[in-house]
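J.: just need the structure, nothing else, for what follows:
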Amino acid sequence: MSIVLDPHERSRISGSLRLVQALACVAVAFAAIGTARQSTLPALHLEPMRVGVGEREPALVPRPASGDLKALAAPGLALIEVVVRRDDSLDRIFRRLRLSVTDLATVRALEGVRVLLDRLNPGERLVFLHRDGSLIGLERRVSLTQQLEVRRTEAGFQATVIPKPIQAETSVAHGTVDSSLFESANAAGLSDAAVLKLARVFSSDIDFVQGLHSGDEFTVAYERISQDGHYVKDGDILAARFVNQGHEYVAVRFVGPDGLARYYTPDGRSMEKAFLRAPLEFRRISSGFAAARLHPILNRIRAHRGTDFAAPLGTPIFAAGAGRLRFRGQKGGYGNVVEIDHGGGIVTVYGHMSRFADLRAGAHVQQGQTIGYVGMTGLATGPHLHYEFHVNGQFVDPQRVKLPAALPIDATLRAQFERTSAPLLAALQPVASGQVASR
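T.: Predicted coordinates:
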């Protein structure tokens, strides 16, 4: 039996057949592409090693040219980048991603790896490569200059710490304070971290909380850190000039034979005092030294024999000066408290800590060393540091006590100091307001 179609129907069916043929061609093309992609899986290369009696055969290790885990990604493998959450651990992350916790245990058992994996930092990034939950590779940046790389091989997991070199160039920023030091410094090219460092350099001479005026000037020579051609962060301040209310202050960085960096005036006097006026980076002074104050919790008038620095929970607290840690523990309304004996009848007290640094009572600490972290333990209504300064058993106002200066540059280092500081001080010569120059 024959079927006769009218011209319109024949045209419609012909068009449908052409569509089917086109789709078939596309399917074949995608199949060819898939085959080609499968053929580009990372090659496995023999690691050169000597094999003795009883030793394993050489491991087959994936060796992408870039050394990057992302270069191993291929069909059948899943690449996941994870941002670490607060209170995250690798075990929690593995379970959340449904990765093999057996693989995790095997990796952590590798020599030297556990210490590089067990303490994660909120906000950092981890990269995983897996096949159906089986770990193929893991990467973690353990420091600015080192990266841990874990790879699965035929012989088991292999871990390597890869160096990530950085480059530092000297840059110069100049600006004039308008409404905010941070805004003016940011506009001049400085990061917030560099502004805090600048304030720390001049903290013994300038009150950066209440003493800045519109029109104050600054010029800063600092390190600008990059890696693989990309900006990473601002590094150390090498030299700085600050004009505050018409008074000029100049500081230059010098690294002594002990390897410690300190700041001095051009003639070699120390910019530091024997004690820090504020032993943390704080937002504001929430309560000052007072003979009588209404206690916010006890609701009665009593003396406030210290300074309260409001700061975010977990902010590091530093030793105000070198000394011996004479007490670390809980003490009444102070909550978690540290006491440091600096000798000469001077003791400093740090209260309401959330936790302590890894220090024992009796340990010697240096000025600026982290001793704990801001909290609100004891009688506290919010996170802050309660800081006291005792002289011969008497309470004194930490913000008003006259602090002794640190030692000047040693006479035996004078020539070296002048030689290394000369080009840094030359970089501070006045430049046009707001200009940023590199040297």
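J.: for the rest of this, base every contact and every neighbour count on C-alpha atoms.
T.: OK.
J.: tell me the contacts of E339?
T.: With contacts defined as C-alpha atoms under 8 Å, 6 or more residues apart in numbering, E339 is in contact with 325-328, 347-350.
J.: tell me the two of these that are most distant?
T.: The widest separation within the contacts of E339, taken as C-alpha to C-alpha, falls between R328 and V347 and amounts to 13.4 Å.
J.: who has more neighbours, the two?
T.: Ranked by neighbour count (other C-alpha atoms under 10 Å), R328 and V347 place V347 first, with 24 against 20.
J.: tell me the secondary structure for the residue lying closest to that one once chain neighbours are set aside?
T.: Once its chain neighbours are removed from consideration, V347 has its nearest residue in D341; the separation is 4.6 Å (C-alpha to C-alpha, 6 or more residues apart in numbering). Classification of D341 into helix, strand or coil gives strand, according to DSSP: H, G, I helix; E, B strand; the rest coil.
J.: so D341 sits right up against L325, yeah?
T.: Yes: here D341 reaches L325: they are 6.3 Å apart, a contact under C-alpha atoms under 8 Å.
J.: hmm, back to that, measure how buried the residue nearest to V347 is and give me the count.
T.: Using other C-alpha under 10 Å, D341 is surrounded by 20 other residues.
J.: any idea what it is bridged to?
T.: Judged by DSSP bridges, the bridge partners of D341 are R324, V347.
J.: now the nearest residue to Q366 once chain neighbours are set aside: how far from G351?
T.: Sequence neighbours aside, A322 is the residue nearest to Q366 in space, at 4.3 Å (criterion: C-alpha to C-alpha, 6+ apart). A322 is 18 Å from G351, where distance means C-alpha to C-alpha, to the nearest Å.
J.: the more surrounded of those two?
T.: Using other C-alpha under 10 Å as the criterion, A322 and G351 rank with G351 on top: 30 against 18.
J.: looking at this, that one is in a helix?
T.: No: secondary structure assignment (three-state DSSP) places G351 in strand, not in a helix.
J.: the nearest residue in space to it that is not next to it in sequence: what's it in contact with?
T.: With C-alpha to C-alpha, 6+ apart as the criterion, G351 has its nearest non-adjacent residue at 4.4 Å, and that residue is V337. Residues counted as contacts of V337 (C-alpha under 8 Å, 6+ apart) are 327-331, 349-353.
J.: report the separation between the residue nearest to D397 when sequence neighbours are not counted and V401.
T.: What sits nearest to D397 in space, not counting adjacent residues and going by C-alpha to C-alpha, 6+ apart, is F289, at 5.7 Å. Here the criterion is C-alpha to C-alpha. By it, F289 lies 11 Å from V401.
J.: and those two? Which one has more around it.
T.: F289 (20 against 11).
J.: how about that one, what does it touch?
T.: For F289, the contact set (C-alpha under 8 Å, 6+ apart) comprises 304-307, 397-398.
J.: please, which helix or strand holds D91?
T.: With elements taken from DSSP states H and E, the one containing D91 is helix 90-97.
J.: mind giving me the packing neighbours of that helix?
T.: Under the contact criterion of 3 or more C-alpha pairs under 8 Å, 6 or more residues apart in numbering; DSSP states H and E, helix 90-97 touches helix 101-108.
J.: for the helix it packs on, packing partners?
T.: Other helices and strands packing on helix 101-108, by 3+ C-alpha pairs under 8 Å, 6+ apart, are helix 90-97.
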